[in-house]
Each structure stands twice: as C-alpha cells, then as structure tokens.
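Asks: Predicted model and sequence follow; I will ask about them next.
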Amino acid sequence: MDTWQSYLQTNRQRFVQELMELLRIPSISTDSAYRQQVLQCAEKLTQYLQQAGAEKVEIFPTAGHPIVYAEKHIGNHLPTVLVYGHYDVQPVDPVELWHHDPFDPIIRNERIYARGASDDKGQLFMHVKALELMVQTQSLPVNIKFIIEGEEEIGSPHLADFVAQHHDLLKADVVLVSDTAMISLEQPSIDVGVRGLAYVQVELTGPDHDLHSGVYGGAVPNPATILCQMIASLHDAHHRVNIPGFYADVEEVSAEERQLLAKAPFDLEAFKRETGITEVWGEEGYTVRERIGIRPTLEVNGIWSGYTGEGAKTVLPAKAYAKISCRLVPHQDHQKIVRLLTDHLKQIAPACVRVEVKTLHGGDPYVLPITHPAYQAAAKAMQTTLGKAPVPVRGGGSIPITAVFQQVLGIHTVFLGFGLDNDNLHAPNEKFDLANFYKGIETIPYFHQYFAEAIRLDSPRSSK
C-alpha cells in the first residue's frame, strides 16, 4: 500500500533512533550481573508496544527473566497472529575484537552495529514498528499478540511452562517469527525449518588435585589429553557423528525436496571468504547447505583445562571440560540424544578418569510445510516488496520454542527473517543492514494482509 510506504518513509529515521535506544541496554541473560538491565529492556519494550498501539501490555515475571506480552484485538471474526521474539542477547566476549563498544550502537555503511542488532532486537523491532504503521494507517487486518522472552539465549528454560499455563491467553492461528536469516534482498529466502538442539557440558576428573607435570607426568592420567582423544573419536573418517543410535530417528529428506533446496543460490568461494577458511568440512555425500540445514551435527563449543594464563606453568590438571552441542533434525528427540551422548562418553572413557555430563539446554526441531497458508502468505509478501519469489531453505540454527508452540498450542510457526548469514550473530561486530530493517517493516503488513485473506478463503480455519 502506498500509505504504508509513505508512513515508513516519513518515520524511518525515528524508527532507527528508537532501535538504538533498545540496543544500548545490555540485556545479557546468561550473566546474573545484568539481571537489572534485562528487566530494564523488558520495560522499554512495553513502552514501545504501547506507543505502537497495543492495548494490553503486561510484564509476566518468571523464575528467571520476565516475559513481555501485548495484544491488539480488532474483532473476533479476524484471524490472530502471535508474534514471538526475544529481547535478551549473547555476551560480547571477546570484547577486544569489537571495533567499538558493543552497547553503543553505531551506523556505518548503512548498517547498524551493536550486540543484538540482528539477533533479535532489530528483527523483533520490525514487528513493533509494523504494528505502529498499520495502527496509524488504520489498516490492521488481523488481531496481533506478542510474546517476547528474555531467556532465548539460555535455552528458554521457563517459556514452555508459561505457554502451557497461558494456553487461552496465547490462542492464535499462527506464530510469526523474525529470528532467522535470508539469502539476500536480491534473492529472498524463507526458512521452512530449524534444527533442534542438545547441549551438554562434560567434566573429566583424573587426580584429585593439580599435579607437577614433571614429577607425575607419564604415570598419572591427564584428563585434558584423554578428553581430547574422546572428542576426536566422536566423528568417523567420513565426518559422521560416531555415536551408536545417533542417526536412528533421522528423517531422510526426499530427492525432490533436496532438489528444491538446491535452487537456493550458493557461492562456495564467497562462503570460504566469509568464514575465513580454505576448505569446507562435513559429512560426505551432502552439500554445504544440506550439512547446515537437513543433517544433524555435533560440535565442540568450548574446551578448557589446566593453566591458560600468560607464560608457562608446568601443571598436570585434575580436570578437563568441554561444552558440546548437537543440532538435530526432524524426529530426533533432544533428550534421547543427550542420553546417547552421555552413555557413549562414559563407555569410551578409560577407567582412570571419572566422567560427569550435565545438560545445559535443548529443544526439538521444527519444519513448516510449504503448502501451509502461512508460508504462502509470507512468500507472497516477500514477492510483493522484493519483486522476486523467495526460495525455501532449512535453517541451521535452533528456536526450540517453535516445537512447543506446535505441541502445546496446536499451531504452526512461519519464519519471516530479514537477517543475513554474515550478520556476525553471537560474534564480535554484530550488525543489521538498515535496508533489511526497512524492508522487514514494509513486508510484515503484507504478510498479515495475505494471511487474513487466506484464512477468510479457507473456512473452517486450517492454520491450526
């Protein structure tokens, strides 16, 4: 609509300034030292939602960080869209690799740089501003609800219980999420699925205290060495995960769907440049996109032991640690994978060390059928604003709550992401292109319009 574009053009600079205010709040959920700042961010969001036109805005406390809820109800005859997002962010370490203060956002080359710029404050804020745009132009075609959490980056430990306890409050026809990436504005894409996650911390203990590596080395088991050997054995020569039963429930993607996914353009040399590698690595028999979309993985996210300070200290460490995450595909259960991984680690560990495995967080995978009216509405919206039909792809990341929405609320989730793979998510110098921010705000109202039209044409409602 011309009125939507006119309103966006008139207010786009204000939208960016308001986003920068949100980005200045260090809402790091994993660090208890930032608990007050996380709450401050939730309160700031309620202000923006009220200003955008939401009529019911409330902060729900949890045993951890609070959940922000808001709604704008137009009429019982209209479908309801539940917008999900998160306002918490990852830590900024290693801070010395940032080009500026991570919580003092700057704009350079038409990109906004700050922690949370793309994941997920910038993308979430597109929905807040799209609501304002539709309310101010009196063109809101659906009822809208928001559920915005402050614990996504630590595995959403309290959100599933909240969803179960507030089933009626969250009743909707579909969930809309912008916490994913697209290929580009020139070649739009839509994630039709995200992988599940099983995340553990492994602790190996050898001696009951650190020892002198000269006096005891060679006779006492070194847990750091043994842990490295164990981790190295978790992949075979073909780069498949080497845990019995790991692939037992994996859904094999059909040749037809693999051909459809292959239509998404991929530049191998650009991928190498972007990641700073000379060669790719992964499971044999699958393309790069397939390895990070339709196949499960196991990765070491951190490993440490002994002395890691400056200079030398000849120590034989008592303990060694590793953080290991598995990305899962449809039909893999994250709890089962944790059990398989735990049992395997204890089985392959030599008797001279003790193994403890602690679950950190996890969630199941999720896939949206491309025949679903919500996907069709999202694809049509992107084609309207970007001039080209998006291609469906599988996302490599995880948004565990999407499986909960389907299991508890009985509704599907559609991903309308405007981030880019090179936004440096969870890394130094995170950014969000302003062109993507503006296009997101422009596209979201079209999704609501086309979804409302699809639901009116499809009676009874089929989106549940």
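Replies: That came in fine, so what should we check first?

Asks: switch to C-alpha atoms for all contacts and neighbour counts from now on
Replies: Noted.

Asks: tally of neighbours for the residue lying closest to E152 once chain neighbours are set aside?
Replies: The shortest distance from E152 to any residue other than its chain neighbours is 6.1 Å, reached at H86 (C-alpha to C-alpha, 6 or more residues apart in numbering). A count of nearby residues for H86, using other C-alpha atoms under 10 Å, gives 25.

Asks: got it, and V95?
Replies: Around V95 there are 14 residues (other C-alpha under 10 Å).

Asks: Looks like it contacts P428 (just checking).
Replies: Yes - assessed by C-alpha atoms under 8 Å, V95 is found in contact with P428 at 7.0 Å.

Asks: By mean pLDDT, which helix or strand of this protein comes out lowest?
Replies: Ranked by mean pLDDT, DSSP states H and E, the weakest helix or strand in the chain is helix 255-261, scoring a mean of 85.

Asks: Flag every buried residue along it.
Replies: L261 (16 or more other C-alpha atoms under 10 Å).

Asks: Pull the CA coordinates from whatever helix or strand comes next after that helix and hand them back as PDB.
Replies: The helix or strand immediately downstream of helix 255-261 is helix 268-275, counting by DSSP states H and E. C-alpha atoms of helix 268-275 as PDB (Å, rounded to 0.1, in the frame of the first residue of the first chain):
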ATOM      1  CA  LEU A 268      31.300 -21.600  -2.300                       C
ATOM      2  CA  GLU A 269      34.200 -19.200  -2.700                       C
ATOM      3  CA  ALA A 270      32.200 -16.400  -1.100                       C
ATOM      4  CA  PHE A 271      31.400 -18.800   1.800                       C
ATOM      5  CA  LYS A 272      35.000 -19.600   2.300                       C
ATOM      6  CA  ARG A 273      35.900 -15.900   2.300                       C
ATOM      7  CA  GLU A 274      33.100 -15.100   4.700                       C
ATOM      8  CA  THR A 275      34.200 -17.700   7.200                       C
END
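
Asks: From the rest of the structure, what touches helix 268-275?
Replies: With C-alpha atoms under 8 Å, 6 or more residues apart in numbering as the test, helix 268-275 has contacts from T278, E279, V280, N422.

Asks: Now do whichever helix or strand comes after it, average pLDDT.
Replies: Going down the chain from helix 268-275, the next helix or strand is helix 288-291, by DSSP H and E. Mean pLDDT, helix 288-291: 94.

Asks: Can you give the domain ranges for the chain?
Replies: For the chain, automatic domain parsing gives the domain ranges 2-194+365-457, 196-250+296-363.

Asks: right, so of those domains, which gets closest to K263?
Replies: domain 2-194+365-457 (7.2 Å; C-alpha to C-alpha).

Asks: Who are the contact partners of the spatially closest residue to G85 that is not a sequence neighbour?
Replies: Spatial nearest neighbour of G85, chain neighbours left out: I148 (4.8 Å); criterion: C-alpha to C-alpha, 6+ apart. Contacts of I148 were listed using C-alpha under 8 Å, 6+ apart, and they are I67, V68, Y69, V83, Y84, G85, H86, Y87.

Asks: cool, L211 as well?
Replies: L211 neighbours (C-alpha under 8 Å, 6+ apart): V315, L316, P317, A318.

Asks: ok, 7 Å please
Replies: By C-alpha atoms under 7 Å, 6 or more residues apart in numbering, the contact list for L211 reads V315, L316, P317.

Asks: rewinding a little: looks to me like the residue nearest to G85 is in a helix.
Replies: No - assigned with DSSP: H, G, I helix; E, B strand; the rest coil, I148 falls outside any helix and is strand.

Asks: Across the sheet, point out what pairs with it.
Replies: V68, G85 (DSSP bridges).

Asks: Distance check, G419 against V355.
Replies: With the distance defined as C-alpha to C-alpha, to the nearest Å, G419 ends up 40 Å from V355.

Asks: So for the lengthiest helix in the chain, mean pLDDT?
Replies: With secondary structure taken from DSSP state H, the chain has its longest helix at helix 434-457. Helix 434-457 shows a mean pLDDT of 95.

Asks: Against which helices or strands is it packed?
Replies: helix 121-136, helix 373-386 (3 or more C-alpha pairs under 7 Å, 6 or more residues apart in numbering; DSSP states H and E).

Asks: how about a cut-off of 8 Å?
Replies: helix 2-23, helix 121-136, helix 373-386 (3 or more C-alpha pairs under 8 Å, 6 or more residues apart in numbering; DSSP states H and E).

Asks: Isn't I324 up against I231?
Replies: No - I324 sits out of contact with I231 when judged by C-alpha under 8 Å, with a separation of 9.3 Å.

Asks: These two: which is more packed in?
Replies: Under the criterion of other C-alpha under 10 Å, the comparison of I324 against I231 puts I324 first, with 20 against 14.

Asks: confidence score at that one?
Replies: 98.

Asks: Please apply the same query to the one 5 residues further on.
Replies: Note on V329: pLDDT of 95.

Asks: Wait, it touches V250, no?
Replies: Yes - counting by C-alpha under 8 Å, V329 sits close enough to V250 to count as a contact (6.4 Å).

Asks: who's more crowded, the two?
Replies: The neighbour comparison of V329 against V250 (other C-alpha under 10 Å) goes to V329, with 28 against 17.

Asks: what ranges do the strands span in the stretch 151-300 of the chain?
Replies: All strands of the stretch 151-300 of the chain, identified by DSSP state E, counting those that start in this stretch, fall at 174-177, 181-182, 189-194, 196-205, 211-212, 297-305.

Asks: Of these, which is nearest A63?
Replies: That would be strand 196-205 among these, by C-alpha to C-alpha, at 21.1 Å.

Asks: Walk me through which strands the closest one pairs with, and which way each runs.
Replies: strand 319-328 (antiparallel), strand 354-363 (antiparallel).
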